[in-house]
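Student: Predicted model and sequence follow; I will ask about them next.
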Amino acid sequence: MNSLQSLLFDPPAPAVPARARRAAPPTALPEPREARELWLAVQLGGAAGAVDDLPGEAFPAALAVLVKRGQAFTPRVAVESSDAVLLELAGSRRLFGGLEQLLRALRAAFPRPLQLALAPTPLAAVLLARAGRNCCITSPARLMGRLAPLPLVHLRWPEEELARLGGMGIVTLGELLRLPRAGLARRIGPERLDELDRLTGGRPDPRVRFAPAPRFHECIDPDHETIDRERLLALLGPALARLEEFLRERQRGVVALRLRLHHRRAMPVCCILRCVVPEYRAARFAALLAARLESLALAGPVRRMELAAGRLRRFLAASAPLWAPGEHGGGAMAAQAPEFLQTLMARLGERAVHGVAQVDEHRPERESREVWFPLSVAAARVVPPASPAGAARPLGLLAVPRPLAVIRDGAGRVSRLLLQGQELTLLSGPERIESGWWDGGEVVRDYYLARTADGARWWIFREGAATRGWFVHGCFA
Amino acid sequence: MSGQAHQAQLEALLRHPSLWRGRGAAALESFSTGFAALDAALPGGGWPRQGLIEIITTGSGHGELTLWNPLIRYLTHGESPRCCAFIAPPFELFAPAWRAAGVRLDRLLVARAAEPLWALEQALQSGVCAMAFAWPERAGMTALRRLALAAARGAALGVLIRPLRALATPTAATLRLLARRTATHLRLELLKGRGIAPRSIELALP
């Protein structure tokens, strides 16, 4: 581990001369067991005290940068104080090909003025970093030896407490920890004792993982107002890239994205993008926004764009299909269907694309149902019995039944039915459909299969209620 | 198993449309139409697997969709089912009828598009749809070529259902048929197709 240390950190003043180290007997104690947790403290501003000359404003921003960089290495990043960030590395060692590789990458990410210290407990790591000791302790057994010479001042306890301890002749951690426990508890109080226990690993020290802002929201102000959609899209590009980064960091996707375009005088225009499955790729968002912007009516030049992502969703990134569509009958439908639907919805509107499902119902207009988000698993859940055999049903149904022109003879009986000026001949029927008296949508109808002179077949009905009107309802397309 | 049965099996395999045995022209990849008379009349022995087909009718109700039922049924049930899209149909799809025809409803997709040609192109090239139907008001030669390209890209079959006046314009479609329902049959006139002479056939629709 010492070689590792010299590789990655400032060469420490060797406590033991190099020759003496080499002279260690070959039957030395076995390498101590590695700690279960390894905490790396990243300390801003070098040695303790040096942080004070930074303006106060700089802390949060600088810390945010540290946290962000740290999240590239481990999800367990905690903010320790206004000038230090903690990274738990034990879980990431394997991913980065060993601790050595990981530390090398970390040193590159957190360059020189930043102090790094690795220790099995978070407090110890912070203390070592504050003290400016660049060290790399991976086993709890070695921890005490490194902590002992540290001056107490790095604990950042109140001045008078430190002064009191100093009065007793205690200036280093080693001296403090050597005191009898009962007496120590009386002198410094149970909280301090607890802190020391956490420092040495005597007690667990769980850390709250840094929780990033859960929503993405960004405003883009163009240099000059523009109505050019291409230019607007180009301006959105960097924001979308940041959105992708934001989502990647969290391993999440969004299903809704809102773009609000502010004009100088007119009301802002809002366009909402909805995805069928959680999406995170900037290129995909850009393509969808391009499709949407093309059909969006802009009231004037755009002064400001506001991009906001909806709630973050878990998602499972899918692998790209091996076969191109059509190849080897390769449907690849599951993978491509969401993208295809999103493209359609972005341009045509969310409600413009739907699937079809059958409902257990006798009224024809309610027997068929539109399914939003089609081609999904949830599509067909209702499985009603098939319609009675022999009763022909048209493939196409008119949204609203259209009245037929009726020509009556002298006695008031129906003599001819006309559809778009063509006479209808009844081929079969009637089939009585009577239902819905209980929910106010009562229908009593006699359905017929009819044919116009040119051969087209239609599904028409006569109302059984008082009006006795004739309507065309379906088309045997 | 007898030798004869083996022979029959082998013959069946050799008739596979993706096989070219070196004699004559390469077999056009096709799907059976479900009607023996139509299979015999069409080049390749059925509907082409990809491309653009124009069905010309005087209006709705001539069986222009019923004609496709066997193919839609096959495609939506296939081992890697792809969907069948209807771009801006002049009516709503009536689920019971499609179900009675044996079609998987969860593989049907309806797009209410103000720009049906754009949506049709998307559907054809997406690879998600095996078939897409559209009822375009007008479609120029350029648009048709574009659609044919999209169909080739996505290995999909596009069907345009067009009014009679489309007969006056040239077409880039692989096949052009005129469909008209008679008292008992569906009369199909093959107007254009690779290597076929114009002829007319009658199919008995359910």
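Tutor: Ah, there it is.
Student: And residue A:211, how close does it get to residue B:121?
Tutor: Distance from residue A:211 to residue B:121, counting by CB to CB, to the nearest Å: 45 Å. Every C-beta, even on glycine, is put in place using the N, C-alpha and C of the backbone.
Student: Settle it for me: which of these two has more neighbours?
Tutor: Comparing residue A:211 with residue B:121 by other CB atoms under 10 Å in any protein chain shown, the one with more neighbours is residue B:121, at 23 against 7.
Student: Enumerate the positions of the longest helix seen in chain B that are buried.
Tutor: Ranked by residue count and defined by DSSP state H, the top helix of chain B is helix B:141-154. Buried residues in helix B:141-154, counted by 16 or more other CB atoms under 10 Å in any protein chain shown: B:143, B:144, B:146, B:147, B:148, B:150, B:151, B:153, B:154.
Student: Give me the contact list for it.
Tutor: If you take CB atoms under 8 Å, 6 or more residues apart in numbering or on different chains as the criterion, helix B:141-154 is touched by A:325-326, B:50-52, B:117, B:120-122, B:124-129, B:136, B:139, B:156-158, B:160, B:169-174.
Student: what about the chain, any weak spots by pLDDT?
Tutor: You didn't pick a chain, so chain A it is. Applying pLDDT under 70 to chain A picks out residues A:1-32, A:45-61, A:212-213, A:316-335, A:373-390, A:466.
Student: I was thinking of chain B, sorry if that wasn't clear
Tutor: Using pLDDT under 70, the flagged stretches of chain B are B:1-2, B:16-28, B:79-80, B:206.
Student: What ranges does it have for its strands?
Tutor: According to DSSP state E, chain B carries its strands in the segments B:30-31, B:47-48, B:51-56, B:83-87, B:92-93, B:108-111, B:129-134, B:157-162, B:175-181, B:186-192, B:199-203.
Student: Could you export the helix ranked longest in chain A as CSV, CA atoms only?
Tutor: In chain A, taking DSSP H as the definition, the longest helix is helix A:229-250. Extracted C-alpha coordinates of helix A:229-250, given in CSV (Å, rounded to 0.1, in the frame of the first residue of the first chain):
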residue,chain,number,x,y,z
ARG,A,229,-37.0,27.2,-35.6
GLU,A,230,-33.7,25.8,-36.7
ARG,A,231,-31.9,28.4,-34.6
LEU,A,232,-34.2,27.7,-31.6
LEU,A,233,-33.4,24.0,-31.9
ALA,A,234,-29.7,24.7,-32.1
LEU,A,235,-29.9,26.8,-29.0
LEU,A,236,-31.7,24.0,-27.2
GLY,A,237,-29.0,21.6,-28.0
PRO,A,238,-26.6,22.3,-25.1
ALA,A,239,-29.5,22.4,-22.7
LEU,A,240,-30.7,19.0,-23.9
ALA,A,241,-27.2,17.6,-23.6
ARG,A,242,-27.2,18.8,-20.0
LEU,A,243,-30.6,17.2,-19.5
GLU,A,244,-29.1,13.9,-20.8
GLU,A,245,-26.2,14.2,-18.4
PHE,A,246,-28.6,15.0,-15.6
LEU,A,247,-30.7,11.9,-16.3
ARG,A,248,-27.7,9.7,-16.8
GLU,A,249,-26.3,10.7,-13.4
ARG,A,250,-29.5,9.5,-11.8
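Student: list the helices and strands that helix packs on?
Tutor: Here helix A:229-250 touches strand A:217-220, strand A:253-263, helix A:282-294, strand A:302-309, going by 3 or more CB pairs under 8 Å, 6 or more residues apart in numbering or on different chains; DSSP states H and E.
Student: Turn the ones you listed into JSON lines, columns for mean neighbour count and distance to residue A:398.
Tutor: Output for the helices and strands packed on helix A:229-250, formatted as JSON lines (neighbours: other CB atoms under 10 Å in any protein chain shown; distance: least, CB to CB, whole Å):
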{"stretch": "strand A:217-220", "mean neighbour count": "14", "distance to residue A:398": "45"}
{"stretch": "strand A:253-263", "mean neighbour count": "19", "distance to residue A:398": "34"}
{"stretch": "helix A:282-294", "mean neighbour count": "18", "distance to residue A:398": "30"}
{"stretch": "strand A:302-309", "mean neighbour count": "19", "distance to residue A:398": "41"}
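Student: I'd like to know which of those is closest to residue B:113.
Tutor: When the helices and strands packed on helix A:229-250 are compared by CB to CB, helix A:282-294 sits nearest residue B:113, at 12.3 Å.
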